[in-house]
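*Asks:* Sequence and computational prediction follow.
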2 protein chains.
Amino acid sequence: MDFPKKMKEKIVEIVKKTMKIGKDDPRKIWHAFKVGLALTLISLFYYYRPLYDGFGQSAIWAVLTVVVVFEFTAGATLCKCLNRGFATLTAGALGVGAKYFADLFGKEGEPIVLGILVFTLGALGTFTRFFPHMKRRYDYGILIFVLTFSMVTVSGYRVDKILELAHQRLSTILIGAATCMIVSLIVCPVWAGEDLHKLIYTHLEKLANFLEGFGNEYFINSENDEIVKPSNEGFLGAYKTVLNSKATEEALANFAWWEPGHGSFRLRHPWKQYLKIGVLARECACHLQALSGYFNSKPQVYYILLLFLFVPSEFQKEIEEACTKMCIESSKVLKELAFSIKTMTQPSSSAAEIHLCHSKTAVDDFKSILTTTETLVISNKLDLLEIFPAITVASVLIDVINCVEKMSESVEDLSVQAHFKKAKNEEFSSSSPEKPPPQQHQLLHRGIVKPVVDVDDAGGSDFVAIEICGGGEAAAGKAEVNPVVVKS
Amino acid sequence: MDFPKKMKEKIVEIVKKTMKIGKDDPRKIWHAFKVGLALTLISLFYYYRPLYDGFGQSAIWAVLTVVVVFEFTAGATLCKCLNRGFATLTAGALGVGAKYFADLFGKEGEPIVLGILVFTLGALGTFTRFFPHMKRRYDYGILIFVLTFSMVTVSGYRVDKILELAHQRLSTILIGAATCMIVSLIVCPVWAGEDLHKLIYTHLEKLANFLEGFGNEYFINSENDEIVKPSNEGFLGAYKTVLNSKATEEALANFAWWEPGHGSFRLRHPWKQYLKIGVLARECACHLQALSGYFNSKPQVYYILLLFLFVPSEFQKEIEEACTKMCIESSKVLKELAFSIKTMTQPSSSAAEIHLCHSKTAVDDFKSILTTTETLVISNKLDLLEIFPAITVASVLIDVINCVEKMSESVEDLSVQAHFKKAKNEEFSSSSPEKPPPQQHQLLHRGIVKPVVDVDDAGGSDFVAIEICGGGEAAAGKAEVNPVVVKS
């Protein structure tokens, strides 16, 4: 009875889904159009008589090649085309050779020898696909090699014109592959390399947005002593796509390896370096997952504690200020790095470095605050449980900053390997339109260090200089010398 | 000159790699053997004349089918075989229909109509592959559908006996697919479902091993006040494979869906539930990555601090004892869960629950220790920076325990959905051969609670009962009622 109604609902749903996919990535519609185009082009071999006369029934292999080989990205299509072409060539030659070799054993021995050869090559070829390096790049080639060899030797037993068969198969496959490559590279090409490039800087932006949102919302809410869920939930979920991106990134990097130079990417663009940044981004996303737990676990673990304990002390506010600074500054570093990759400009001596140093200063501030705790605890203003959430958040943030520093180094490496151009207007980068403060000004901003600097003889025997800021292996020049002076 | 030498080295290297792959998973050698076997079987169509006479040249499609369709796991092979079979059937029928439809337009119109049809179906089919649900299960089917339709319609324009062509193609493909299915299911079958099952409990075991190793090594070393790298680095790296397992798990679950019942797995085994446990395992691995950072960052961040600060106080030892207990107990829970999945026995009212409760008790202990800090700080025995590492480690461990609890619930769900059998000897499970202590005994073991229980009137107005242990939604019955009594 209501079958037409259900049918209509189903169709509306499918149309909506189609619209959504097309809207999210119009290149997918273009891809469908391109496959149709390549298929129609290859049909000409059949409809146009002279071509058909030349190839005969074999022209069907061209149709098969187009359908099987055409992939979404240009790199994947090239990978399959080249693999298919070379595999057919070598396996065809080997198959013809095997056929003549088997002929030597007479009418009785031929099928046995051919059978043994097919079994051996089939088993060996299949096993070769388990080698990680082969799997990554030549998996499809090995498959086609086994396929062509089996087909040529097996059908060679019955068909007399085996050379002609091998030649026809090779040429039709080459025509099919060439059609695919031309359509894929000329009509709205989808570059795997470009996708990888975009994926990586989008991931950095997602991490930056999370940190920014966390810094702005978490501590402001805890100051108001209310357990409020963040108003804008969007930034909380975005980082999760970063966590599970390994497979996508590696596939894209593999395909990008096959692509010719295009746009700002040369032939030997350091795609592997993108994977390294990807690994660090996932590590960072792991830490962010821990942070996001504090939004959720707060009610569960700290709710009652917060109710029973007093209003946040001045001390807690100080810690939270340091944490907010860590969040905001590391978010800015990530944004600068993402901007640097996006625009393919060198990040060196830019705002990223300054923000990195700022975030490290915030870490130092936090540690200095912890050392001054004792007096506060003695005057009974402080409960450890009260600052427990803030301390744990801070410890995660310190991990995040370490991770961001490594990412900064990786982006630096990438910029060298990929010959990023130098930024022209360093002051006017994406997130920090204001000119970065000069070195001296910045030093004076370190809340805790200031009073110590006021002392007359800072280098005297009363003071011990502890270098905390990341040790010697820090990439940024200024970040290396970052002493915190503590009274011994 | 040294070409033979290099060649020899290369060969030795390849042999070593082959030996390693074969040793790690002998099923891979079996798989190669199976593909060779299936290929040789299908060659019989050519060598054995009656079969050849029946199918003619088309028999080559059977060879092609075997090479393309044979996959490592039975599920993947079945998925491809069934997809290929049904797609060929429907597309073949549709192709013949299209051919007769195009005939109506006369000799001139026929190629144009056929071209339009091929373009439309090619483009539509390609676009359909972007729908996530179709992609997951019917990707290969759509590919073959487009392929067969194009081949039948295009070659139908030249070949007169189109029905015979479609019929031959269908029957040879069915024969090829049947050969693959039979060989794949009979000769040493590799079940995707079994692999997924094994993967999930191995992951839980890896997480458990890390926690056990961490609990044993980290705190013992910090007690000796030395920064010693753990002696057994193995457990530190193992959890990393858990982090990036999403793609593998989802692929296995998809293939497992196609498999018939086998061993202890029925036809509709709840494979999706395994994915849920996998998500939690990855979340847990994220926390472990944070923990592992403390092995590495210790020298960097805390080294100098530890040198300048005093020997660990009694207080620090107390915290570390609580942390070690959290580690060990949650490790035991994970081991119990892994054992429960491995043996397919119900985990309810077993050792897992008791260990979960133990670990929660350790969390309570830790929090109680924190509340007693003030007196220690006032007597100037304590520096916050000194306990900072322990506190942050503890906070991560609390997250781990929350995660383990969720995992315990998921395994419980799995055991119900998959009809796990009831354990016969609950006392003699894998990791805890000793009989679990009775409830009363366990209560008395809670270090911090004990002195409070000694007070005459525990329910009097001088005390406030705070329920910390996980709120009402905890699955384990005993874990729900877990009050910590604190002096107000």
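*Replies:* Received the coordinates, thanks. Residues are numbered from 1 along each chain as shown, chains lettered A, B, ... in the order given.
*Asks:* Verify the contact between A:L89 and A:L170 for me.
*Replies:* Yes: counting by Cβ atoms under 8 Å, A:L170 is a contact partner of A:L89 at 6.2 Å. For every residue, glycine as well, the C-beta is placed using N, CA and C.
*Asks:* Which of the two has more residues huddled nearby?
*Replies:* Per other Cβ atoms under 10 Å in any protein chain shown, whichever of A:L89 and A:L170 has more neighbours is A:L170, with 20 against 16.
*Asks:* ok, the helix or strand harbouring the more buried one near chain B or not?
*Replies:* Here A:L170, judged by DSSP states H and E, is contained in helix A:162-186. No: for a cut-off given as Cβ under 8 Å from any Cβ of the partner chain, helix A:162-186 has no contacts with chain B; the smallest distance is 9.8 Å.
*Asks:* How far away from the center of its chain is that helix?
*Replies:* A distance of 34 Å separates the centroid of the chain from that of helix A:162-186, by Cα atoms, centre = their mean, to the nearest Å.
*Asks:* What helices and strands are in contact with the following helix or strand past it?
*Replies:* Next along the chain after helix A:162-186, taking DSSP H and E as the criterion, comes helix A:192-223. Applying 3 or more Cβ pairs under 8 Å, 6 or more residues apart in numbering or on different chains; DSSP states H and E, one finds that helix A:192-223 makes contact with helix A:74-103, helix A:234-238, helix A:240-243, helix A:246-256, helix A:271-297, helix A:314-343, helix A:384-417.
*Asks:* what's the spacing between A:F55 and chain B?
*Replies:* Going from A:F55 to chain B by Cβ to the nearest Cβ, to the nearest Å gives 11 Å.
*Asks:* Give the full set of residues in contact with that residue.
*Replies:* A:F55 makes contact with A:F45, A:A62, A:Q168, A:S171, A:T172, according to Cβ atoms under 8 Å, 6 or more residues apart in numbering or on different chains.
*Asks:* change it to 6 Å
*Replies:* Applying Cβ atoms under 6 Å, 6 or more residues apart in numbering or on different chains, we find A:F55 in contact with A:T172.
*Asks:* following the helix or strand it falls within, which helix or strand shows up next?
*Replies:* In the assignment (DSSP H and E), A:F55 maps to helix A:49-55. Following helix A:49-55 in sequence order, the next helix or strand is helix A:60-69 (DSSP H and E).
*Asks:* picking that back up, what sits up against the helix holding A:L170?
*Replies:* The contact list for helix A:162-186 (Cβ under 6 Å, 6+ apart) reads A:34, A:37-38, A:41-42, A:55, A:58-59, A:61-62, A:65-66, A:69-70, A:74, A:77, A:81, A:84-85, A:88, A:92, A:96, A:99, A:152, A:156, A:159.
*Asks:* What does the pLDDT read for the closest residue to A:G109 other than its chain neighbours?
*Replies:* Distances taken as Cβ to Cβ, 6 or more residues apart in numbering or on different chains put A:A102 closest to A:G109, at 7.5 Å, once the chain neighbours are dropped. Per-residue confidence (pLDDT) for A:A102: 88.
*Asks:* for the helix holding A:L170, which positions count as buried?
*Replies:* Residues of helix A:162-186 classed as buried by neighbour count (16 or more other Cβ atoms under 10 Å in any protein chain shown): A:162, A:165-166, A:168-177, A:179-181, A:183-184.
*Asks:* pLDDT score for the closest residue to A:A238 other than its chain neighbours?
*Replies:* What sits nearest to A:A238 in space, not counting adjacent residues and going by Cβ to Cβ, 6+ apart, is A:K206, at 4.4 Å. Note on A:K206: pLDDT of 90.
*Asks:* One more: A:F463?
*Replies:* For A:F463, the predicted pLDDT is 35.
*Asks:* A:H441 too?
*Replies:* The per-residue pLDDT reported for A:H441 equals 36.
*Asks:* what about A:G156, neighbour count?
*Replies:* Other residues near A:G156 come to 24 when the count uses other Cβ under 10 Å.
*Asks:* so it touches A:F101, yeah?
*Replies:* No: counting by Cβ atoms under 6 Å, A:F101 is not a contact partner of A:G156; they are 10.9 Å apart.
*Asks:* I figured A:A256 hits A:A192, correct?
*Replies:* Yes: between A:A256 and A:A192 there is a contact under Cβ under 6 Å: 4.6 Å.
*Asks:* Overlap of the contact sets of these two?
*Replies:* Shared contacts of A:A256 and A:A192 (Cβ under 6 Å, 6+ apart): A:G75.
*Asks:* residues touching A:E205, list them.
*Replies:* Residues in contact with A:E205 (Cβ under 6 Å, 6+ apart) are A:A338.
*Asks:* try A:Q417
*Replies:* Applying Cβ under 6 Å, 6+ apart, the residues contacting A:Q417 are A:P270, A:Q273.
*Asks:* where does the stretch 201-350 of chain A dip in pLDDT?
*Replies:* Scanning the stretch 201-350 of chain A for pLDDT under 70 picks out the ranges A:217-236, A:294-316, A:347-350.
*Asks:* Averaged pLDDT, stretch A:63-73. What do you get?
*Replies:* Averaging pLDDT along stretch A:63-73 gives 91.
*Asks:* Wondering if it reaches chain B at all.
*Replies:* Yes: applying Cβ under 6 Å from any Cβ of the partner chain, one finds stretch A:63-73 touching chain B at A:V63, A:V67.
*Asks:* Other residues contacting that stretch?
*Replies:* A:31, A:35, A:38-39, A:42, A:77, A:80-81, A:173, A:176-177, A:180, A:190, A:192, A:255, B:146-147, B:150-151, B:154.
*Asks:* try 7 Å
*Replies:* For stretch A:63-73, the external contacting residues (Cβ atoms under 7 Å, 6 or more residues apart in numbering or on different chains) are A:31, A:35, A:38-39, A:42, A:77, A:80-81, A:84, A:173, A:176-177, A:179-180, A:184, A:190-192, A:195, A:255, B:143, B:146-147, B:150-151, B:154.
*Asks:* Of those, which count as buried by neighbour count?
*Replies:* Buried residues within the contacts of stretch A:63-73, counting neighbours by 16+ other Cβ under 10 Å: A:31, A:35, A:38-39, A:42, A:77, A:80-81, A:84, A:173, A:176-177, A:179-180, A:184, A:190-192, A:195, A:255, B:143, B:146-147, B:150-151, B:154.
*Asks:* Is A:D139 in contact with A:T128, as I believe?
*Replies:* No: counting by Cβ atoms under 7 Å, A:D139 stays clear of A:T128, with 9.3 Å between them.
*Asks:* picking that back up, run the angle between the helix holding A:L170 and helix A:60-69 for me.
*Replies:* Between the axes of helix A:162-186 and helix A:60-69, defined by axes from the mean of the first three to the mean of the last three Cα atoms, to 10 degrees, the angle is 40 degrees.
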